[in-house]
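> Need coordinates for the following:
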Amino acid sequence: MEDKMTQNPATEDPNLESGAQAPEQAAAAEAGQAAELAKVQAERDDLKDKLLRTLADMENLRRRTEREIADAKAYAVTSFARDMLGSSDNLRRALESVPADALAKADALTKALNEGVELTERELLKTLERHGVRRIDPLAEKFDPNLHQAMFEAPDPAIAKGLVCKVVQVGYTIGERVLRPALVGVSAGAPRAPEAPAAPH
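Numbers count the residues shown, from 1 in each chain. Reported below is the predicted structural model:
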């Protein structure tokens, strides 16, 4: 019995070994939980980032679609309006083909016909304007390459250099776009005075 007691002294606790492992296991479990938490947080951040990107993409798509719809409404009649410009040009040519003095001496029927052509031209221009088409008649305005196409440059003492001195053909815009540029002549300013010949020495 004494031998047994000396072989298993009271100080030897069988739980001591497992007690020493407990902090290591707790630390390992804690490290595992921290790693799992970090992984879940990374997934959360990734999903949040993807969601924000998707929301931004959807907002951009919505804006782009609204802009395309607005453009489609504004410019839907572009081809038709461009085709109608020829009719407007022909009405203007018909009106300009009759000199003012000849019209003053004309009979009532000719005057009525001329007035009818004028009314038709005005009505056509109003109709085009209702659909966003505006006339460009830039006489004496500053030459603008975005709206005008220069056909020639000529000296003109009555109009300052760089201004439109003659409109060959009026232009048109639709919304903010040029439907047809105005064909113009640009003033080069007053002609230069001939240089006086040098006095003989």
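> Now do the strands in the chain.
Along the chain, the segments classed as strands by DSSP state E run 133-136, 148-154, 164-169, 171-174, 177-180, 182-187.
> can you map out the helices along the chain?
Here the chain has its helices, by DSSP state H, at 2-7, 16-75, 78-96, 100-105, 108-130.
> Now tabulate those in JSON lines and tack on mean pLDDT, mean neighbour count and distance to residue 179.
All C-beta atoms are positioned from the backbone trio N, CA, C, and that covers glycine. As requested, those are exported to JSON lines (pLDDT from 0 to 100; neighbours: other C-beta atoms under 10 Å; distance: least, C-beta to C-beta, whole Å):
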{"stretch": "helix 2-7", "mean pLDDT": "50", "mean neighbour count": "8", "distance to residue 179": "111"}
{"stretch": "helix 16-75", "mean pLDDT": "85", "mean neighbour count": "10", "distance to residue 179": "10"}
{"stretch": "helix 78-96", "mean pLDDT": "92", "mean neighbour count": "14", "distance to residue 179": "6"}
{"stretch": "helix 100-105", "mean pLDDT": "90", "mean neighbour count": "9", "distance to residue 179": "30"}
{"stretch": "helix 108-130", "mean pLDDT": "94", "mean neighbour count": "13", "distance to residue 179": "9"}
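> closest to residue 150 out of those?
With C-beta to C-beta as the measure, helix 78-96 is the member of these nearest residue 150 (19.4 Å).
> Just want the angle from that closest one to helix 108-130.
Counting by axes from the mean of the first three to the mean of the last three C-alpha atoms, to 10 degrees, helix 78-96 lies at 150 degrees to helix 108-130.
> now helix 78-96 against strand 164-169, angle please.
110 degrees.
> what's near enough to touch the nearest residue to residue 103 once chain neighbours are set aside?
Nearest non-adjacent residue to residue 103, counting by C-beta to C-beta, 6 or more residues apart in numbering: residue 114, 6.0 Å away. Going by C-beta atoms under 8 Å, 6 or more residues apart in numbering, residue 114 touches 95, 98, 103, 106.
> Would you reformat the strands of the chain as JSON lines and include mean pLDDT?
Output for these, formatted as JSON lines (pLDDT from 0 to 100):
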{"stretch": "strand 133-136", "mean pLDDT": "94"}
{"stretch": "strand 148-154", "mean pLDDT": "95"}
{"stretch": "strand 164-169", "mean pLDDT": "94"}
{"stretch": "strand 171-174", "mean pLDDT": "96"}
{"stretch": "strand 177-180", "mean pLDDT": "94"}
{"stretch": "strand 182-187", "mean pLDDT": "95"}
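> Export those as a markdown table, with columns for mean neighbour count and distance to residue 69.
Listed next are these as a markdown table, based on neighbours: other C-beta atoms under 10 Å; distance: least, C-beta to C-beta, whole Å:
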| stretch | mean neighbour count | distance to residue 69 |
| --- | --- | --- |
| strand 133-136 | 18 | 20 |
| strand 148-154 | 15 | 31 |
| strand 164-169 | 17 | 33 |
| strand 171-174 | 21 | 17 |
| strand 177-180 | 17 | 17 |
| strand 182-187 | 22 | 30 |
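> which one among the contacts of residue 114 gets closest to residue 145?
Nearest to residue 145 among these is residue 95, at 29.2 Å by C-beta to C-beta.
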